[in-house]
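Colleague: Build the 3D model from these lines:
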Amino acid sequence: MNVELVAVVSGAACVAGMVLAVVAVVGTRRPRRTRPGAGNDLRRFLLGTDTSRRQQRRRRSLLVGAVVAGALAFLLTGLPVVGLLVALAVPGVPWLFAVGREEQRAIARIEAVGEWTRRLKDVSAVGQGLQQAIASTVTTVPEEIEEEVRVLAARLQAGWSARAALLAFADEIGDPVCDQVVAALILHLTDRGERLGDVLGSIAGAAAAEVATRREIEAKRTQPRFAVRFLTGMTLATLAYGLLNTEYMRPYGTPTGQLVMVVLGTCFVGLLVWVRAMSQPPQPARFLPAPDPEEALR
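Modeller: Residues are numbered from 1 along each chain as shown. Got it, this is the predicted structure:
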């Protein structure tokens, strides 16, 4: 019993050390603006892309579950590489099966930005100032961007400069459509023109066209995303079969077998990540600068 307990603790410590080492290298703070690449993919894989507390708790639970599952797999098979692969599978499988969900969420947020822009246009048409107009839309803002708009209104009421608050809002949304809205509002702060409503209406119409285009492209990505899910399912079936069939895993029990498993596992995981990346749209280019923290309370 003591030997089994020591094995469980040792396996958990081994897997936890690997996971924590990767987290330490990647970092724990997600930058507001990211660029496509393997580093960002790994960051999203480990820490998720949502800043809400619910999503953060879910991600932490997955990481804890990964450590526990990896330790149990190591205890059952006696193979450390199997424990590491199982630990990676716990957060990795939801990440792979959720392919396309992030783009669908981005499309929904663009649509929400367009609706909010129309409401802002209607409110500003009655002669309210920009800060009052933004605060008036808080109660009717679409759910997808409700938190960001509430934070924007709160920053304006707390004394932030309008330009800094708007740039921070655009950085949180992270889409060029929102950049267009914010650019129009910042220009309005500069020249106090009377055509703000017309500009916002045009941007809202362009946002609707952007949503339609992205949804059409999204429908064409169904086949490669099915391939991601199929390969993920095959991987799970292979891992399950290996855990249940000791004869199948016996050749991998030697140091050479473990090395072969590392090479095969790395290649297969890399293949899954590559296929998933192919099914994702490119990151849209933005044109607004990042907010300057020193400018906020000027």
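
Colleague: How about the secondary structure of Leu166?
Modeller: helix (DSSP: H, G, I helix; E, B strand; the rest coil).

Colleague: One more: Glu111?
Modeller: Glu111 ends up helix, using three-state DSSP.

Colleague: show me where the chain has helices.
Modeller: Here the chain has its helices, by DSSP state H, at 2-26, 38-47, 53-77, 80-97, 101-124, 130-136, 146-157, 162-173, 176-191, 196-220, 222-244, 246-249, 255-278.

Colleague: Looking at those, which is nearest to Pro284?
Modeller: Nearest of those to Pro284, taken as CB to CB: helix 176-191 at 5.2 Å. Where you see a C-beta, it was placed from the backbone N, CA and C, and this is true even at glycine.

Colleague: And that closest one, what's buried?
Modeller: 176-186, 188 (16 or more other CB atoms under 10 Å).

Colleague: Show me what it is packed against.
Modeller: helix 101-124, helix 130-136, helix 162-173, helix 196-220 (3 or more CB pairs under 8 Å, 6 or more residues apart in numbering; DSSP states H and E).

Colleague: got these as CSV, with mean neighbour count and distance to Gln283 columns?
Modeller: CSV is the format used below for the helices and strands packed on helix 176-191 (neighbours: other CB atoms under 10 Å; distance: least, CB to CB, whole Å):
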stretch, mean neighbour count, distance to Gln283
helix 101-124, 20, 10
helix 130-136, 18, 27
helix 162-173, 22, 14
helix 196-220, 15, 13
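
Colleague: Export the ones you listed as a markdown table, with columns for distance to Pro282.
Modeller: Shown next, in a markdown table, are these (distance: least, CB to CB, whole Å):
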| stretch | distance to Pro282 |
| --- | --- |
| helix 101-124 | 11 |
| helix 130-136 | 31 |
| helix 162-173 | 18 |
| helix 196-220 | 11 |
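
Colleague: Which one of these lies nearest to Thr246?
Modeller: Going by CB to CB, the one of these nearest Thr246 is helix 101-124, 37.2 Å.

Colleague: Give me the average confidence score over that closest one.
Modeller: Mean pLDDT, computed over helix 101-124, is 87.

Colleague: Need the residues that contact it.
Modeller: 49, 130, 133-134, 136-137, 140-145, 149, 173, 175, 177-178, 181, 196-197, 200-201, 203-204, 207-208, 210-211, 214-215, 218, 280-281 (CB atoms under 8 Å, 6 or more residues apart in numbering).

Colleague: any idea how far the residue lying closest to Phe169 once chain neighbours are set aside is from Thr190?
Modeller: Among residues not flanking Phe169 along the chain, Leu152 sits closest, at 4.4 Å (CB to CB, 6 or more residues apart in numbering). According to CB to CB, to the nearest Å, Leu152 and Thr190 sit 19 Å apart.

Colleague: Fine, thanks again, bye for now.
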